[in-house]
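J.: here is a sequence with its predicted model. Questions after.
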Amino acid sequence: MLKIFKYLNNSILAILLIIILLVLQAICDLSLPEYTSKIVNVGIQQEGIENACPNLIRVSEMDKVLLLTEKGDKILENFTLSGDEIYRLNKVDKETLDELNEIFSKALFLIYSINASAESGAEGFEKIKGQLPEGFTYLNQDAFEILRNIPDEKRIEFLIAIYQQIEEGMSEAVIEQIAMQVVKSEYEAIGIDTDKMQINYIVNSGVQMLGIALASMALAILVTLISARVAAKLAKNLRSKVFKKVVKFSNKEFEEFSTASLITRSTNDIQQIQLMLTMLFRIVVYSPIIGIGAFLKVLNSNSEMEWILALAIVAIFSLVITLFIIAMPKFKKMQTLIDRVNLVAREILTGLPVIRAFANRKHEEKRFDKANIDLTKTNLFVNRAMAFMMPTMAFIMNGVSILIIWVGSSKIDQGMIQVGDMMAFIQYSMQMMMSFLMISMISILLPRASVSAKRILEVLDTKNSIKDPKDPKKFDSDKKGYLEFRDVYFRYHNAQEDVLSNVSFIAKPGETTAIIGSTGSGKSTLVNLIPRFFDVTGGKILVNGVDIREVTQYDLREKIGFVPQKGVLFSGTIESNIKYGNVNLSDEEMKKIAHISQSEDFINEKENKYQDEIAQGGNNVSGGQKQRLAIARAIAKNPEIYVFDDSFSALDYKTDMELRKALKEETHDSTVIIVAQRISTILHAEQIVVLDEGRVCGIGTHKELMESCPVYSDIALSQLSKEELE
């Protein structure tokens, strides 16, 4: 799978942008639980009051605070006394504000305790009275008045002791909550509308939260858009590279990959990688960021509920590993089964006339059903495994939420955390578990994409058996059209014997060289060597005096007009098929070529003439018409060498004779190679090469071979009488 990423070189900037956007999105998503916590804790429970350190405080209350702390100087240096007998908090940094919050929360809690409880106040008064100097008299029992008369050293010792008792008996959260209530009472005494303050805080926090959520949504959409474009671009490049690679394949490579498999690799396999890549950017990059961030937030919460997350992670990984072990083999098998379905479907559709002719439809239906059922069963198994995973994950996540609420409610009751903190903890926990879930999903889906990547790389990494030379030569213009086989040997890949052995002959321009022999003698193999569909395994083939392996395949094939044994037409029009060999062909030249190839009559019978549609593979024309259009395509190229591989077999005798006569006039300066089964087609050839079991057993004219070559005479006499041959 990693090797596929090298094809993303052109998308480096887009990938970097995706990573940056995902980091920003993670920051937005991780900040949302904090806002939830603030709205609940500060906006609802604390009624919009954020700090124990008040922004405004009366002189009378400030005096009480100064009595109940040893850090009075720290307080006074950060407050300014205004003319209305109110202290105002100066602009301070976060570190200073945190320190002031700690000082005020303890002092205000003690003020609340002294003022709110008669029993606690009396007890506190007795303790304070014990700190008075000997002989000191007092006129009332006001605790704050008494504290003013205690020496500073005794007062500080007393405060240290009382605060130590408070910290041991009360949680920090409870102390802060009570301090906030004192601050609220102070604001109300000053005349501040605390209800409006609360509403403003909730609205402002909600608006900020909404803005962050919208920003996160916009970033997610942008990331998805860019990821989809990058994945689509990779898929486009891979399809292009696979297609260009396959186009360069020789017949040897096509023996290694079936047509159905190559189609699957070019479509379904690349689509699997595209889908995976779209998810990969979002999940592989985003999930670790959000997971680690949520985990750190949980650790910093001091909620002592981290063990719940550890339990959840163990449960998730146990589930994923189980499914991974069960589903992995099926994912690997999936693409092979798709290949099989494509192969069977292609064979059936291609061979439909034969299937009908032999009344074998039931057999083919069973064959397709078997391939289809095998794929369906595997798909169902995988989908059921995935369907089982999702509700199980939902059960784990909901169970974790219930456990957090159960444990968290106890801690709220003890004053260890607040409701908003528990809600934030649940959200962070869900974020962390979702990140693990998404990574787990990728780990399950990745094998299928990995198999697809491997199959694509098999095609791209295949070394072509036929390559262009590093320093190609140019053809000799003085030997235009000369074709020579010099001691040529050929053996198919992994074959035990040579198909052609010691084949030597020369074909000259202006002459027709015919190749004839019994079935399996190597005629088609011989002509397939001329355009380098295969490379010789011994000897050499020369065109215009140059070994064809020393020139580029393009230059070689530009000089050859090849008509295969099975005529192949492309979807389009009659015109596009004739001009396939020469796109610059004029309409007049096209009609002339149609006349030479004996295609003119049936073309004129068509409703749209040359614009009449040709179906895929030429299925809407007869075999003879297909051959004639294939011949017209070769003539349009006007090559130096014509190669006709039994290209007249579907023509009747009259059409064959007229076509060869017209062709002779058209190709008088070119070299013509004809492979034929019918003696009548090659009777007048200047040179006939007779093959027998891959060897040349005779070369000459028809008359010479009738006298000197028994193989040729036997073939000739099996088709025509002596009188016809003479």
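T.: It's in.
J.: how about the strands in the stretch 601-726 of the chain?
T.: Assigned by DSSP state E, counting those that start in this stretch, the stretch 601-726 of the chain shows strands spanning 613-614, 641-645, 671-675, 687-692, 695-700.
J.: possible to save these as a markdown table with mean neighbour count and mean pLDDT?
T.: No exception for glycine: its C-beta is placed from N, CA and C like everyone else's. Below are these laid out as a markdown table (neighbours: other CB atoms under 10 Å; pLDDT from 0 to 100):
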| stretch | mean neighbour count | mean pLDDT |
| --- | --- | --- |
| strand 613-614 | 17 | 86 |
| strand 641-645 | 25 | 88 |
| strand 671-675 | 24 | 89 |
| strand 687-692 | 22 | 89 |
| strand 695-700 | 18 | 88 |
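J.: and the helix or strand encompassing residue 348, what does it pack against?
T.: Assigned by DSSP states H and E, residue 348 belongs to helix 306-350. Judged by 3 or more CB pairs under 8 Å, 6 or more residues apart in numbering; DSSP states H and E, the packing partners of helix 306-350 are helix 259-264, helix 286-299, helix 361-413, helix 419-460.
J.: which one of the strands of the stretch 601-726 of the chain lies nearest to residue 164?
T.: Evaluated over the strands of the stretch 601-726 of the chain, closeness to residue 164 peaks at strand 613-614, with 97.2 Å, by CB to CB.
J.: not counting its neighbours along the chain, what's nearest residue 683?
T.: Sequence neighbours aside, residue 702 is the residue nearest to residue 683 in space, at 5.2 Å (criterion: CB to CB, 6 or more residues apart in numbering).
J.: gap between the one you found and residue 420?
T.: The gap separating residue 702 from residue 420 is 104 Å, by CB to CB, to the nearest Å.
J.: which residue is the nearest non-sequential neighbour of residue 493?
T.: residue 252 (5.1 Å).
J.: give me the pLDDT value at that neighbour.
T.: Note on residue 252: pLDDT of 75.
J.: so it is in contact with residue 532, correct?
T.: No: under the criterion of CB atoms under 8 Å, residue 252 makes no contact with residue 532, lying 11.5 Å away.
J.: the two: who's more crowded?
T.: When neighbours are counted by other CB atoms under 10 Å, residue 532 comes out ahead of the other of residue 252 and residue 532, with 19 against 16.
J.: the more buried one sits in which helix or strand?
T.: With DSSP H and E as the criterion, the answer for residue 532 is that it lies in no helix or strand.
J.: 27 is where my numbering starts, stick with that
T.: All set: I'll call the first residue 27, so the last point we hit is now residue 558.
J.: contact partners for it?
T.: 276, 492, 574, 575, 579, 582, 583 (CB atoms under 8 Å, 6 or more residues apart in numbering).
J.: who wins for neighbours among the residues you listed?
T.: In those, the most neighbours by other CB under 10 Å go to residue 574, 25 neighbours.
J.: contacts only, for it.
T.: Contacts of residue 574 (CB under 8 Å, 6+ apart): 556, 558, 566, 567, 568, 582.
J.: average pLDDT across the helix or strand encompassing the last one?
T.: Just to be clear, that refers to residue 582. Here residue 582 sits within helix 579-584, counting by DSSP H and E. For helix 579-584, mean pLDDT is 87.
J.: can you show me the CA trace of that helix as PDB?
T.: Once non-C-alpha atoms are left out, helix 579-584 reads as follows in PDB (Å, rounded to 0.1, in the frame of the first residue of the first chain):
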ATOM      1  CA  GLN A 579       8.300   0.000 -31.900                       C
ATOM      2  CA  TYR A 580       6.500   3.200 -33.100                       C
ATOM      3  CA  ASP A 581       8.800   3.600 -36.100                       C
ATOM      4  CA  LEU A 582       8.500  -0.100 -37.000                       C
ATOM      5  CA  ARG A 583       4.700  -0.200 -36.900                       C
ATOM      6  CA  GLU A 584       4.400   3.100 -38.800                       C
END
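J.: adjacent strands (with direction) for the helix or strand following that helix?
T.: Remark: after helix 579-584, the chain's next helix or strand is strand 586-589, criterion DSSP H and E. Strand pairing for strand 586-589, determined by DSSP bridges: strand 667-671 (parallel).
J.: so how far is the strand it pairs with from its chain's centroid?
T.: 46 Å (CA atoms, centre = their mean, to the nearest Å).
J.: just stretch 281-300 next, same as before
T.: 15 Å.
J.: mind listing what's buried in that stretch?
T.: Neighbour counts over stretch 281-300 (16 or more other CB atoms under 10 Å) mark 283, 286-292, 294-296, 298-300 as buried.
J.: so for the helix holding residue 374, what's the average pLDDT?
T.: According to the model, helix 332-376 has a mean pLDDT of 77.
J.: could you list the residues in contact with the next helix or strand after it?
T.: Counting by DSSP H and E, the element after helix 332-376 in chain order, helix or strand, is helix 378-383. Under the contact criterion CB under 8 Å, 6+ apart, helix 378-383 has outside partners 374, 387, 390.
J.: if you rank those residues by neighbours, which is first?
T.: Highest count within the contacts of helix 378-383 by other CB under 10 Å belongs to residue 390, 18 neighbours.
J.: just checking, that residue touches residue 371?
T.: No: the criterion here is CB under 8 Å, and residue 390 misses it with residue 371 at 10.1 Å.
J.: buried stuff in stretch 685-696?
T.: Quick answer for stretch 685-696 (16+ other CB under 10 Å): 685, 686, 688, 689, 692, 693, 696.
J.: what separation do you get for the last one and residue 667?
T.: So that's residue 696. When residue 696 is compared with residue 667 (using CB to CB), they lie 7 Å apart.
J.: for the helix holding residue 582, the distance to its chain's centre please.
T.: On CA atoms, centre = their mean, the centre of helix 579-584 falls 37 Å from that of its chain.
J.: which secondary structure elements does that helix contact?
T.: Counting by 3+ CB pairs under 8 Å, 6+ apart, helix 579-584 packs on no helix or strand.
J.: which residues are contacting it?
T.: 492, 494, 498, 500, 501, 557, 558, 569, 574, 665.
J.: same question, stretch 120-138
T.: 77-80, 87, 90-91, 94-95, 97, 100-101, 104, 115, 118, 188-189, 192, 196, 198, 201-202, 204-205, 207-209.
J.: show me which residues of that stretch are buried.
T.: 123, 125-138.
J.: now do the shared contacts for residue 696 and residue 667.
T.: residue 507.
J.: what's the span of stretch 593-606, first residue to last?
T.: 14 Å (CA to CA, to the nearest Å).
J.: what does the domain assignment say about this structure?
T.: 77-219, 274-486, 504-585+665-751, 594-661 (automatic domain parsing).
J.: and residue 231, which of those is closest to it?
T.: Going by CB to CB, the one of those nearest residue 231 is domain 274-486, 11.1 Å.
J.: roughly how far is that closest one from the heart of the chain?
T.: On CA atoms, centre = their mean, the centre of domain 274-486 falls 13 Å from the chain's centre.
J.: now the terminal residues of it, how far apart.
T.: 11 Å.
J.: quick one: pLDDT of residue 486?
T.: pLDDT at residue 486 comes out at 83.
J.: surely it touches residue 267?
T.: Yes: counting by CB under 8 Å, residue 486 touches residue 267, with 6.0 Å between them.
J.: what's the helix or strand for residue 113?
T.: strand 112-115.
J.: any buried residues in that strand, and which?
T.: Buried, per 16+ other CB under 10 Å, within strand 112-115: 112, 113, 115.
J.: before we move on, back to that, isn't the residue nearest to residue 709 right up against residue 712?
T.: No: counting by CB under 8 Å, residue 728 does not reach residue 712; the two are 10.1 Å apart.
J.: least confident pick among the buried residues of stretch 281-300?
T.: Lowest-confidence member of the buried residues of stretch 281-300: residue 286, scoring 73 (pLDDT).
J.: got the contact list for that residue?
T.: Residue 286 touches 365, 368, 369, 371, 372, counting by CB under 8 Å, 6+ apart.
J.: quick one: end-to-end distance for stretch 272-279.
T.: 9 Å.
J.: coming back round to it: any residues in contact with both of residue 278 and residue 558?
T.: Common neighbours of residue 278 and residue 558 (CB under 8 Å, 6+ apart) are residue 492.
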